[in-house]
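> From the sequence below, what's the structure:
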Amino acid sequence: MVEHERTGPLDLITWGISRITMWLPVFIVSIIFFEVLLRYVFQSPTLWVNETSLWVAGAVYMTAGLYSMQQRSHIRIFILYDLTPMWMRRLFDILSTICVCIFAFAVIWGSFDDAVTKFMTWERFGTKFDPPIPATLYPLILITMFLLAIQAISNLIYDWNTDQGERQYVEDLDDLLEEVGADHLDARPAGEANDHPDIENTDTKK
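As a prediction, this is how the structure comes out:
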């Protein structure tokens, strides 16, 4: 995948977060492998691997959406976006940005007091290992929602005069395949057409 270029000051923050979180799945797999080894080979399971993997995976899950927003890799419905004129695409972009901001505002407004309480009391998970998962993940949700809304606005400002649809890429790919196919047919040996009557008939019709 080719990474989308930086288009605003917030992208540096998003990239910085993503460069850290991209290694966290490796960390999760490593500690789970460590747990399996201790549990089934040495008969000495740990108390911290399960909660730690949930803790880290929750952070990865939330921050991945922020990076997807910056990369414009969220899902678009092809028939509704790419086949419409530019002015309607801009309308779709505005509506989607408004929806993202409304959702982020609703989450922050509804969970702010609860997140502050959990953080100030350093609420823990309630297990024997007892990590502070609620005290850390709840505030992280609010921070991620805020950055997500700002990132959506930043994308809208930069992409206003830029066509972000995929139709042009599809047309370029069709042209490329057509050129490659034509070159391939022209490069066939003289007697090869007899082995492929369908191709020969196609050439004859042309």
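> For the longest helix anywhere in the chain, give the mean pLDDT please.
Longest helix in the chain, counting residues (DSSP state H): helix 86-120. Summarised as a single mean, pLDDT over helix 86-120 is 94.
> That one packs against which elements?
helix 78-81, helix 133-159 (3 or more CB pairs under 8 Å, 6 or more residues apart in numbering; DSSP states H and E). The C-beta positions use only the backbone N, C-alpha and C, and glycine is treated the same way.
> Model confidence for Glu51, exactly?
The predicted local confidence for Glu51 comes out at a pLDDT of 94.
> shouldn't it be in contact with Ile133?
Yes - contact criterion CB atoms under 8 Å: Glu51 and Ile133 qualify, at 7.0 Å.
> Next, the angle from the longest helix of the chain to helix 133-159.
If you take axes from the mean of the first three to the mean of the last three CA atoms, to 10 degrees, helix 86-120 sits at 160 degrees to helix 133-159.
> Who are the contact partners of the closest residue to Asp114 other than its chain neighbours?
In space, not counting the residues next to it along the chain, Asp114 is nearest to Tyr138; the distance is 6.6 Å by CB to CB, 6 or more residues apart in numbering. Shown in contact with Tyr138 (CB atoms under 8 Å, 6 or more residues apart in numbering): Ser111, Asp114, Ala115, Lys118, Phe119.
> Now find how far off-centre the longest helix of the chain is within its chain.
18 Å (CA atoms, centre = their mean, to the nearest Å).
> Kindly report the same for stretch 33-40.
The gap between the average C-alpha position of stretch 33-40 and the chain average comes to 31 Å, counting by CA atoms, centre = their mean.
> export it as CSV, just CAs?
Extracted C-alpha coordinates of stretch 33-40, given in CSV (Å, rounded to 0.1, in the frame of the first residue of the first chain):
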residue,chain,number,x,y,z
PHE,A,33,3.1,-17.1,22.6
PHE,A,34,5.0,-16.6,25.9
GLU,A,35,1.9,-17.5,27.8
VAL,A,36,1.2,-20.6,25.8
LEU,A,37,4.8,-21.7,26.3
LEU,A,38,4.7,-21.3,30.0
ARG,A,39,1.2,-22.7,30.4
TYR,A,40,1.5,-25.9,28.3
